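Student: have a look at this prediction, sequence included:
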Amino acid sequence: MKRLKLIYNPFSGDRGFKFDLDVCVDIFQANGYEVHLFRIQKKGDVEEHIQQMDADYDIIVVSGGDGTINIVLNSLMRKGLRIPLGIIPSGTANDFASFLGLKSGKVEEACQIIMETEPRNIDVGVVNGTDYFVNVCAGGLLTNVSQTVDTNIKTALGSLSYYLKGIEQLANFTKMPFRITISNQEIIEDKFYLYMILNSAGTGGFTHIAPDASITDGKFDFVGIKAKPMIELPLLFIKIFSGELINDSGVVYLRDSYFKIECLEDKFEVKNATLDGEVGPEMPFEVEVLPRAYPVFGKFKY
């Protein structure tokens, strides 16, 4: 019998996945899989579990948000495993799952996609050769929103809680001097509010930041929002929703397979990148694409 490991985060999103657990097990068993469950309980237990896990599973399925997917993928990559990964989106924003065509709240549909489709190898980002991400590496203001929103507010308001927290932080916007180096050694120095190195098209519930993004092309989409008068910021948010952000004169847009990010002033406290919403390394750091490095199930557009 084929073997499937289901790792689920009972604290993700509205915490309702436990009510769908039997639906998942039923679908997987009906398709000939022996299902082994792992319930996330505390920080660090996923890494420990995967490190000790047998390597002979046919599929790993993860239920949670972008952060949970990130933790599972990092653990698998560091152990040298490339077991096909299925995703059941049950987090707050579910940015990466959304790009794969997986709808939040559609648990049965996600399970059927895992059972009925072939996995495809997708690009994976690596920072300093050790930390991986599948959706976004970001830095500057607003990028710590997912970590600072109260868990109960996330549960009650979902993605809206991110937007409200972002508005709350507008008063603290400070321009930060960055140096961006790309693969041909071209250097861009400017003052930014934030930057995003995207594998998919969006983050934070905004799904059209980089409308032409692909997770199989060996490239990342860099979007840097330059410092500008506060009165102009609302127009940027409108352009984010309409997919026109990258055409704004106040935005630096690049496509490449390598980026080096440096902050040119030591006084700024926001030195860490976030990787799929999880805390990443401090600047300076180097980001590279690992082309088609991991097999994932989904409804692929490309």
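Tutor: Good, I have the coordinates. What you are looking at is a predicted structure, and each value in this text was computed from that prediction instead of being measured.

Student: please make it C-alpha for all contacts and neighbour counts, starting now.
Tutor: Will do.

Student: and the pLDDT for Phe178?
Tutor: Phe178 carries a pLDDT value of 91.

Student: with Lys18 instead?
Tutor: What the model reports as pLDDT for Lys18 is 92.

Student: spatially nearest residue to it, not counting backbone neighbours?
Tutor: In this structure, Lys18 finds its nearest non-sequential neighbour in Pro10, 6.7 Å apart by C-alpha to C-alpha, 6 or more residues apart in numbering.

Student: which residues touch the one you found?
Tutor: Gly16, Phe17, Lys18, Arg39, Ile40, Gly64 (C-alpha atoms under 8 Å, 6 or more residues apart in numbering).

Student: filter the residues you listed down to the buried ones.
Tutor: Among these, those that count as buried by neighbour count (16 or more other C-alpha atoms under 10 Å) are Phe17, Ile40, Gly64.

Student: so which of those sit within strands?
Tutor: Using DSSP state E, the subset of the buried ones among the contacts of Pro10 located in strands is Gly64.

Student: including distance to Ile240, could the buried ones among the contacts of Pro10 go into CSV?
Tutor: As requested, these are exported to CSV (distance: C-alpha to C-alpha, whole Å):
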residue, distance to Ile240
Phe17, 30
Ile40, 34
Gly64, 25
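
Student: Thr68 contacts Ile7, correct?
Tutor: No: using C-alpha atoms under 8 Å, Thr68 is not in contact with Ile7; the gap is 9.3 Å.

Student: now for those two: what residues contact both?
Tutor: Val62.

Student: adjacent strands (with direction) for the helix or strand hosting Phe178?
Tutor: Using DSSP states H and E, Phe178 sits within strand 176-182. Counting by DSSP bridges, the strands paired with strand 176-182 are strand 187-198 (antiparallel), strand 258-263 (antiparallel).

Student: and of these, who's closest to Lys219?
Tutor: Set against Lys219 and scored by C-alpha to C-alpha, the strands paired with strand 176-182 come closest in strand 258-263, at 8.2 Å.

Student: re earlier: pull the CA atoms of the strand holding Phe178 into CSV?
Tutor: C-alpha atoms of strand 176-182 as CSV (Å, rounded to 0.1, in the frame of the first residue of the first chain):
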residue,chain,number,x,y,z
MET,A,176,15.4,52.7,4.2
PRO,A,177,18.5,52.9,2.0
PHE,A,178,19.1,49.6,0.2
ARG,A,179,21.6,48.4,-2.3
ILE,A,180,20.3,45.7,-4.7
THR,A,181,22.7,43.7,-6.8
ILE,A,182,21.5,41.4,-9.5
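
Student: for that strand, the distance to its chain's centre please.
Tutor: Offset of strand 176-182 from its chain centre (C-alpha atoms, centre = their mean, to the nearest Å): 22 Å.

Student: in this structure Leu33 contacts Cys24, no?
Tutor: Actually, residue 33 is Tyr. It isn't Leu. No: counting by C-alpha under 8 Å, Cys24 is not a contact partner of Tyr33; they are 11.2 Å apart.

Student: in the stretch 101-250 of the chain, which spans are helices?
Tutor: Ranges of helices within the stretch 101-250 of the chain are 107-116, 145-148, 151-157, 159-169, 233-242, based on DSSP state H, counting those that start in this stretch.

Student: follow-up on the earlier one: from the contacts of Pro10, which single one is nearest Ile88?
Tutor: Gly64 (6.7 Å).

Student: and the closest one, what pLDDT?
Tutor: Confidence score, pLDDT, at Gly64: 95.

Student: got it, and Asp54?
Tutor: Model confidence at Asp54, given as pLDDT, is 93.

Student: could you do Gly277 as well?
Tutor: Gly277 carries a pLDDT value of 85.

Student: so it makes contact with Asp66?
Tutor: Yes: if you go by C-alpha under 8 Å, Gly277 and Asp66 touch, sitting 6.9 Å apart.

Student: the more surrounded of those two?
Tutor: Higher neighbour count among Gly277 and Asp66: Asp66, with 29 against 24, using other C-alpha atoms under 10 Å.

Student: from Phe19, how far out is the more buried one?
Tutor: Distance of Asp66 to Phe19, given as C-alpha to C-alpha, to the nearest Å: 20 Å.

Student: Leu102 contacts Lys299, doesn't it?
Tutor: Yes: counting by C-alpha under 8 Å, Lys299 is a contact partner of Leu102 at 7.2 Å.

Student: more crowded one of the two?
Tutor: Neighbours around Leu102 and Lys299, counted as other C-alpha under 10 Å, are more numerous at Leu102. The numbers are 24 against 19.

Student: now that one: closest residue in space, sequence neighbours ignored.
Tutor: Ala110 (6.2 Å).

Student: ok, the one you found - contacts?
Tutor: Ala110 makes contact with Ile87, Ile88, Pro89, Leu102, Lys103, according to C-alpha under 8 Å, 6+ apart.
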